[in-house]
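A.B. asks: Below are the sequence and a predicted model for it; my questions follow.
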Amino acid sequence: MNLDIIRENATKRLNHGSIYAGEVTPLEAWELLTYDSAAVLVDVRTHPEWMFVGLPDLRSLGKDLIRISWQIFPEMQVNDSFVANVVESVSNLDTSIMFICRSGARSQAAAELCAKSGFTKAFNVIDGFEGGQNASGHRGLTAGWKKSDLPWVQS
């Protein structure tokens, strides 16, 4: 798929008033990571989520997942150093940077804040790593990175 088309579709999915670059599906995020050599994925979940739920696996692309928590466990207060941590990992403000969390809410807030801080291509990954709950209350079965059958690992 053409990367410009992905970015255009992502922009069309934005809620009115949002200033970040757009909303990408997990498959579109994978395409951007695959065909944009500078593109990065930032997982904004907590350390326990990374340990017990799993992580996107970018090794086949020759890339490393960037892990920066949006909220600090266990108090779950917003990480006041979040933008500074992102800048330490991604110094070029024009890099395509995709944020992912469990279901897309924290990552959306992260993309919005980073856009306000000067990142021009900050994207949210729709449905995150696990997506919403199914009728039985389980995640990872209806939407998200895992459901999209993208590479992931669990420790």
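C.D. replies: Looks like it arrived, so ask away. Numbering: from 1, shown residues only.
A.B. asks: can we go C-alpha only for contacts and neighbour counts from here?
C.D. replies: OK.
A.B. asks: Can you show me the strands along this protein?
C.D. replies: 22-24, 40-43, 55-56, 66-67, 71-72, 77-78, 97-100, 122-125, 152-153 (DSSP state E).
A.B. asks: what pLDDT, on average, does the first one get?
C.D. replies: Read that as strand 22-24. Mean pLDDT, computed over strand 22-24, is 97.
A.B. asks: Could you pull out the buried residues of the top helix by length along the chain?
C.D. replies: Looking across the chain with DSSP state H, the single longest helix is helix 105-116. Across helix 105-116, burial judged by 16 or more other Cα atoms under 10 Å covers Arg106, Ser107, Gln108, Ala110, Ala111, Glu112, Leu113, Cys114, Ala115.
A.B. asks: I'd like to know which elements it is packed against.
C.D. replies: The contact analysis (3 or more Cα pairs under 8 Å, 6 or more residues apart in numbering; DSSP states H and E) places helix 105-116 against strand 97-100, strand 122-125.
A.B. asks: Quick check: buried residues in stretch 122-134?
C.D. replies: For stretch 122-134, using 16+ other Cα under 10 Å, the buried residues are Ala122, Phe123, Asn124, Val125, Ile126, Asp127, Gly128, Phe129, Glu130, Gly131, Gly132.
A.B. asks: For Ser91, state which of those residues is nearest.
C.D. replies: Ala122 (13.0 Å; Cα to Cα).
A.B. asks: what about that closest one, distance to Gly104?
C.D. replies: 14 Å (Cα to Cα, to the nearest Å).
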